[in-house]
Every structure is written in structure tokens, then in C-alpha cells.
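>>> Just need the structure, nothing else, for what follows:
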Amino acid sequence: MPATVSGIVAYPVTPFSGDGDKIDAAALRILIDRMIDAGVEAIAPLGSTGESAYLDDDEWTAVASEAVGHTAGRVPTVVGVSELTTAGTIKRARIAESCGATAIMVLPISYWKLTENELRQHFTAVAESVGIPVMAYNNPGTTGIDMSPEFLVGLVAEVENITMIKESTGDIARMHRIVELGGGEIPFFNGSNPLARSAFQAGAAGWCTAAPCLVPDQVVRFWKLLRDGEIERADELFARLEPLLRMLVSRPLPATVKAGLRSLGYEAGDPRPPLLALETGLAEELEILVEAVRD
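Numbers count the residues shown, from 1 in each chain. Down below sits the predicted model:
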């Protein structure tokens, strides 16, 4: 089963209204439209940026349904389905598939550190529960679980519909290793914002990023310039983007992205506790960086 996504894979936040006790579906629709209109190649709701770990089951289902339904096939959708248990992840995977998601993304979440055998069984069970492609996601910074390129490439080789890898350690050597082990045939996606330029140079199929929430036109333009071989212009634009990209990942993405949206006049609420809104000084610094890219 071939990969069905590539290019700029945009990760929306989950907007909250009022005191944060309700999902703001209207704000989510506006955010999705803004990114699609700018030319992103896919929408990926309910990743770490979308605060999936902070939503109850009904909220998670509502966001998945709203995001996939409103995208309405204009671009592919990659829904994050991660949950603490295998059964819970399978439940979410099936819901995502029933909503019409193009693919699902699986990040292992665990209280106990999982062995490779436990991880293999988890990914296999989830992948076998659905008929759509699976993106295996490695992000030890948020999970404490680090999956090697050898393990991830093995999953793709062993499980029919695990077709893509998202690598977010920020280690470019791992991406080169995925290329080497997979003979250049396995689509891998960069999840480390500051590494985007190097990752595409290494052969990444796409860039999974929350940056289009704030500067969608500039992120898409960078990718198109790079794709079309206008390397010097792409590098110039990325040099402008890079300070903002580093700022975004200096704190949890829901906090930085929501502060950035507020500075642009788009209200998405604050992140869910225990996450806190970005401090005033940092929010002001972020606003300056966003405007510097937009000028």
C-alpha cells in the first residue's frame, strides 16, 4: 500500500472556547481553511500540537470528525490516534477510518518503558485493525520511547499497511539511516521544525509541522521553491523562518502556537492544564518573530 501524503503536512491546534471546557469547532474550521487555502498538502489533526492527550474520548471523536469532515477530501488527512493502551489506540484508529481519514499516525504512549517486542505487537495490532495507511511516529522527547531506524524500517517491512515513518528526534543521521536501510523506498517525514531544510535534502517525503497555523503562505512557499529547484531563494526564506521555528519548539507547541494565533487575531483559547499559556514576554517575542516572517 503506497503512501498517500507528501509535502507540507500541517498540524492544527485544537481550539477551545470560553474557559477551555468546550471544543471551538468554528475556530478549527477557520484554521483548516486558512492552511488549505495557502496550499498545504495534508491536514493532521490530533497530534501533539492538537493536544490529543488532553482530550476525553468524546472530545477526541468530535475533533476527528470535524477536521476530516471539514477538510472534505480537499487534501489528505492524517489523524493522530495515540492512546495509552493498544485497545484504546485501536478504538481511535477505527473511528478515524470511519470518519474518512486518509491515514493514521501512531505514537507509542506509555507509563512503563516498552520493549521492542511490546512496541512491535502494539503497532502491528493497530495497523491490522484498519485498512488505511499508518505513519509510525518516533518522538522520544514527548514519550520517553526512542525507536531506532532499524526498528522503524523493520515495521514497514513486516506490517503491510505501515507505510510511512515520522522521525522527530532532530537527528539528521537517523534520516540518512532510514534512507540507507530502506533503499530510498520508504517515505519518511521530518517532525523537527528547525531541521526541515536538511531533512528535505536528505530525501524526506514531507515536513510535519504546526508552523502553517501561523505562517502558512511562507511555509508552503519555502517547500515549493525547494521542490522546484530554486535553492537559493528557498534557503533565503528558510533563514527567515528558522528563528520562528526554533521559538515554536522552545515550549510545548499548544502554548506557542495558540499564543501566535492570538497575536494574529485568531482566538484558539489557552492550552489545557497542566500546560500553561505562554508568558507575556515570550508571547511578545513570538509575535515579533511571526511578523518578521510575514513582512
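>>> how about the helix of greatest length in the chain as PDB, C-alpha atoms only?
Secondary structure of the chain per DSSP state H: the longest helix is helix 231-248. The C-alpha trace of helix 231-248 is given here as PDB (Å, rounded to 0.1, in the frame of the first residue of the first chain):
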ATOM      1  CA  ILE A 231      17.500  26.500  -3.900                       C
ATOM      2  CA  GLU A 232      19.000  30.000  -3.200                       C
ATOM      3  CA  ARG A 233      15.500  31.500  -2.800                       C
ATOM      4  CA  ALA A 234      14.400  28.600  -0.600                       C
ATOM      5  CA  ASP A 235      17.400  29.000   1.600                       C
ATOM      6  CA  GLU A 236      16.800  32.700   2.000                       C
ATOM      7  CA  LEU A 237      13.200  32.100   3.000                       C
ATOM      8  CA  PHE A 238      14.200  29.300   5.400                       C
ATOM      9  CA  ALA A 239      16.700  31.600   7.000                       C
ATOM     10  CA  ARG A 240      13.800  34.000   7.800                       C
ATOM     11  CA  LEU A 241      11.600  31.100   9.100                       C
ATOM     12  CA  GLU A 242      14.200  29.500  11.200                       C
ATOM     13  CA  PRO A 243      14.100  31.800  14.300                       C
ATOM     14  CA  LEU A 244      10.400  31.400  14.500                       C
ATOM     15  CA  LEU A 245      10.600  27.600  14.000                       C
ATOM     16  CA  ARG A 246      13.100  27.400  16.900                       C
ATOM     17  CA  MET A 247      10.900  29.600  19.100                       C
ATOM     18  CA  LEU A 248       7.800  27.400  18.400                       C
END
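>>> Show me the contact partners of it.
Contact partners of helix 231-248, identified using CB atoms under 8 Å, 6 or more residues apart in numbering, comprise 193-194, 196-197, 210-211, 214-215, 218-219, 221-222, 225-226, 256-257, 260, 285-286, 289-290, 292-293. Backbone N, C-alpha and C define where each C-beta goes, glycine included.
>>> These in helices, which ones?
196-197, 218-219, 221-222, 225-226, 256-257, 260, 285-286, 289-290, 292-293.
>>> Any of those residues buried? List them.
When those are checked for burial by 16 or more other CB atoms under 10 Å, the buried set is 196-197, 218-219, 221-222, 225-226, 256-257, 260, 285-286, 289-290, 293.
>>> got the buried residues for the lowest-mean-pLDDT helix or strand in the chain?
Scoring the helices and strands of the chain by mean pLDDT, DSSP states H and E places helix 140-143 at the bottom, with a mean of 91. Buried residues in helix 140-143, counted by 16+ other CB under 10 Å: Thr143.
>>> where do the helices sit along the stretch 51-200 of the chain?
Secondary structure of the stretch 51-200 of the chain (DSSP state H, counting those that start in this stretch): helices at 57-71, 86-99, 116-128, 140-143, 149-158, 172-182, 196-202.
>>> can I get these in JSON lines with distance to Ser48?
As requested, the helices of the stretch 51-200 of the chain are arranged in JSON lines below (distance: least, CB to CB, whole Å):
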{"stretch": "helix 57-71", "distance to Ser48": "14"}
{"stretch": "helix 86-99", "distance to Ser48": "15"}
{"stretch": "helix 116-128", "distance to Ser48": "18"}
{"stretch": "helix 140-143", "distance to Ser48": "6"}
{"stretch": "helix 149-158", "distance to Ser48": "18"}
{"stretch": "helix 172-182", "distance to Ser48": "19"}
{"stretch": "helix 196-202", "distance to Ser48": "17"}
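>>> so which of those comes closest to Pro273?
Each of these has some distance to Pro273 by CB to CB; the shortest is helix 57-71, at 14.8 Å.
>>> quick check: mean pLDDT across that closest one?
For helix 57-71, the mean per-residue pLDDT is 98.
>>> which outside residues touch that helix?
Taking CB under 8 Å, 6+ apart as the rule, helix 57-71 contacts 12, 14, 23, 25, 28-29, 32-33, 36, 43, 45-46, 50, 52, 55, 77, 79, 92, 95-96, 99-101.
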